[in-house]
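Colleague: coordinates only, sequence not included:
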């Protein structure tokens, strides 16, 4: 009686279970492949287009892996347009907008978190929610009146619309989660508020600053609309320059794909390398620029 | 919800909580001049964000062309909008686009989050790959999708032909342009929904699952009666963030279809761009901004309300 209870289930049942478990595992890995592949395939297609010759580009059925990969399209990008100038513009605009935002945004996040000034936080939130286009009309008129068009100033200033809210928002969340005991001790020992921030809170906030800078940098780098309206021929940032290649010149897919890849490559690499930081920042409040 | 989150996060981090006020040295925080810390940022926000709002409101009262203020027309621009068929159809089109571009990423994002919530090899790396679409430069993304949509040479029609579906016109047909653009938007923003829901799943308590397992609940029952209700606040946050982002979608539409063919994909944002920077009807465009802004503020208040309620989980 008891013996039948404790004997192992029949062999067939065991095999069935093993098969079922294996099938579940295979099914799960298939679902991982299904959800991840659209993300990667589009970029691989971009890469493939950028490496193909003209003939392979317009071949039907499409050639997926170029048989004669060439860098000619990339050479063409640099030859046909002042790509290096646009790259420099992008670096200056994004770099200054990010650094300025960090300079004002880190103390602001600290102050808002400490003073629990959530009304100010609401303002920042509304700024993040408003369509970028709505800032552009008055600023466009203002920059024309100040005769700043044709310089990089309008771009740096408008990119602050993107970077400042991101930095403030991420830093509020970060400083809120920081334990206040150390600063309290510093204040009791006679530090000023600024010293408590500068020498106690700030060194502890490095992870938050990393997240804020990465997100501010990426969303400013990606920005398109401000450049479309405010940039002149000499002051285009990369996304605008690439768009203009499409509209104002003969459409040629190879160089276009090469240019698109060059613009977005820094962001793609950054995303994969620091995905953990990016995920932390994005989940802490659904920040998104643009 | 808040119960589970409280477990995940020590109560010490909760600003404004009674516990913290009692332990952090009375109400000392209140009296300290912390506002000095955010004065510089507020100055910048006032200059580049608040000033434009006020100036836009001012301009919306004028028949303003390019750089000169025209005549004062009061609410004339707003009355014009009410009878402007092009604006009204842009409004409807925006709603159509928004509903699709909220629902699809929400479903796919939730499914993806459930998958990424389990442990598997290279999960971190694959999660990084999965969020590439939302981080990539929209113009670059728009360009490569434009090439993929091409009716003759595009890779999408080739892929359809492999499974026996006739070629489509995608963004070149007024009937399919919006669903096609939503396809790109979904591809791009499903990762954001995934991240928000994944954050919610990570904060789930384990006890209900243990007791449900002891009671012999199936996987679906556990999802339906435990996971889903607990993750619902996160789905609401995702819904509202997605709604706001979809309403103001611009880059992808502008790069791929420029609002065309004809006006078939002209959403409010594209309409606004054309009025302001193609036709230079500055006053009229400002009125569009104000209406658009009011619409979005109504939504953002909801976002804030939901965020307050789910504060501890994010």
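Modeller: Cool, the structure landed. Just so you know, these numbers come straight off a predicted model, no measurement behind them.

Colleague: Check what pLDDT residue B:7 gets.
Modeller: Residue B:7 carries a pLDDT value of 30.

Colleague: ok, now which ones touch the closest residue in space to residue A:222 that isn't next to it in sequence?
Modeller: Nearest non-adjacent residue to residue A:222, counting by Cβ to Cβ, 6 or more residues apart in numbering or on different chains: residue B:137, 4.5 Å away. Any C-beta I mention is one placed from the backbone N, CA and C, and that applies to glycine too. Contact analysis of residue B:137 by Cβ atoms under 8 Å, 6 or more residues apart in numbering or on different chains lists A:221-222, A:224, A:238-239, A:260, A:263-264, A:267.

Colleague: Throw those into a markdown table and include secondary structure and neighbour count, thanks.
Modeller: Putting those into a markdown table (DSSP: H, G, I helix; E, B strand; the rest coil; neighbours: other Cβ atoms under 10 Å in any protein chain shown) gives the following:
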| residue | secondary structure | neighbour count |
| --- | --- | --- |
| A:221 | helix | 27 |
| A:222 | helix | 25 |
| A:224 | coil | 25 |
| A:238 | helix | 29 |
| A:239 | helix | 30 |
| A:260 | helix | 31 |
| A:263 | helix | 27 |
| A:264 | helix | 28 |
| A:267 | helix | 20 |
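
Colleague: For residue B:263, state which of those residues is nearest.
Modeller: The shortest approach to residue B:263 among the contacts of residue B:137 belongs to residue A:224, at 21.3 Å (Cβ to Cβ).

Colleague: residue contacts, that closest one?
Modeller: A:239-240, A:243, A:290, B:137-139, B:251, B:254-255.

Colleague: give me the residue from chain B nearest chain A.
Modeller: residue B:37 (2.7 Å; Cβ to the nearest Cβ).

Colleague: shouldn't that residue be in contact with residue A:105?
Modeller: No - with contact defined as Cβ atoms under 8 Å, residue B:37 does not reach residue A:105; the gap is 10.4 Å.

Colleague: More neighbours: these two, which one.
Modeller: residue A:105 (31 against 24; other Cβ atoms under 10 Å in any protein chain shown).

Colleague: Whichever strand or helix holds the more buried one close to chain B?
Modeller: Per DSSP states H and E: residue A:105 is located in helix A:83-115. Yes - Helix A:83-115 lies within reach of chain B by Cβ under 8 Å from any Cβ of the partner chain, at A:100, A:103-105, A:107-108, A:110-115.

Colleague: Go through those and give me the one with the most neighbours.
Modeller: Ranked by the number of neighbours (other Cβ under 10 Å), the residues of helix A:83-115 next to chain B place residue A:105 first, at 31 neighbours.

Colleague: pLDDT wise, what is that residue at?
Modeller: On pLDDT, residue A:105 comes in at 93.

Colleague: picking up where we left off before, going by distance to residue A:25, which of the residues of helix A:83-115 next to chain B wins?
Modeller: Nearest to residue A:25, judged by Cβ to Cβ, of the residues of helix A:83-115 next to chain B is residue A:113 at 44.9 Å.

Colleague: quick one: contacts for the closest one?
Modeller: By Cβ under 8 Å, 6+ apart, the neighbours of residue A:113 are A:171-172, A:175-176, B:15.

Colleague: how many neighbours does the residue lying closest to it once chain neighbours are set aside have?
Modeller: Nearest residue to residue A:113, sequence neighbours excluded (Cβ to Cβ, 6+ apart): residue A:175, at 3.7 Å. When counting by other Cβ under 10 Å, one arrives at 23 neighbours for residue A:175.

Colleague: Residue A:175 and residue A:204 touch, don't they?
Modeller: No - applying Cβ under 8 Å, one finds residue A:175 not in contact with residue A:204, separated by 9.3 Å.

Colleague: any weak-confidence spans in chain B?
Modeller: Within chain B, the ranges that satisfy pLDDT under 70 run B:1-31, B:66-69, B:300, B:303-304, B:306-314.

Colleague: which residues of it fall in strands?
Modeller: Using DSSP state E, chain B contains no strands.

Colleague: Now do the longest helix along chain A: which elements does it pack against?
Modeller: Longest helix in chain A, counting residues (DSSP state H): helix A:11-51. Packing partners of helix A:11-51 (3 or more Cβ pairs under 8 Å, 6 or more residues apart in numbering or on different chains; DSSP states H and E): helix A:72-80, helix A:253-273, helix B:85-117, helix B:123-130, helix B:132-135, helix B:138-149, helix B:177-202.

Colleague: mind redoing it with 6 Å?
Modeller: Counting contacts by 3 or more Cβ pairs under 6 Å, 6 or more residues apart in numbering or on different chains; DSSP states H and E, helix A:11-51 packs against helix A:253-273, helix B:123-130.

Colleague: Of these, which stretch is the most buried?
Modeller: Most buried of the helices and strands packed on helix A:11-51 by mean neighbour count (mean count of other Cβ atoms under 10 Å in any protein chain shown) is helix A:253-273; its value is a mean of 22.

Colleague: what mean pLDDT does that helix have?
Modeller: 91.

Colleague: immediately after that helix, which helix or strand?
Modeller: Where DSSP H and E defines the elements, the next helix or strand beyond helix A:253-273 is helix A:275-283.

Colleague: residues making contact with that next one?
Modeller: A:170, A:210-211, A:214-215, B:128, B:195, B:199 (Cβ atoms under 6 Å, 6 or more residues apart in numbering or on different chains).

Colleague: what does the stretch 201-314 of chain B put close to chain A?
Modeller: B:241, B:244, B:248, B:251, B:269, B:272, B:276-277, B:285-286, B:289, B:293, B:296, B:300 (Cβ under 6 Å from any Cβ of the partner chain).

Colleague: Among those, name the ones in helices.
Modeller: Filtering these for helices - DSSP H - leaves B:241, B:244, B:251, B:269, B:272, B:285-286, B:289, B:293, B:296, B:300.

Colleague: if we can go back for a sec, what subset of the contacts of residue A:113 is buried?
Modeller: Among the contacts of residue A:113, those classed as buried by 16 or more other Cβ atoms under 10 Å in any protein chain shown are A:171-172, A:175-176, B:15.

Colleague: quick revisit: just the pLDDT for the residue nearest to residue A:113.
Modeller: If you check residue A:175, the pLDDT there is 87.

Colleague: Then the one 5 residues further on?
Modeller: Among the per-residue scores, residue A:180 holds a pLDDT of 81.
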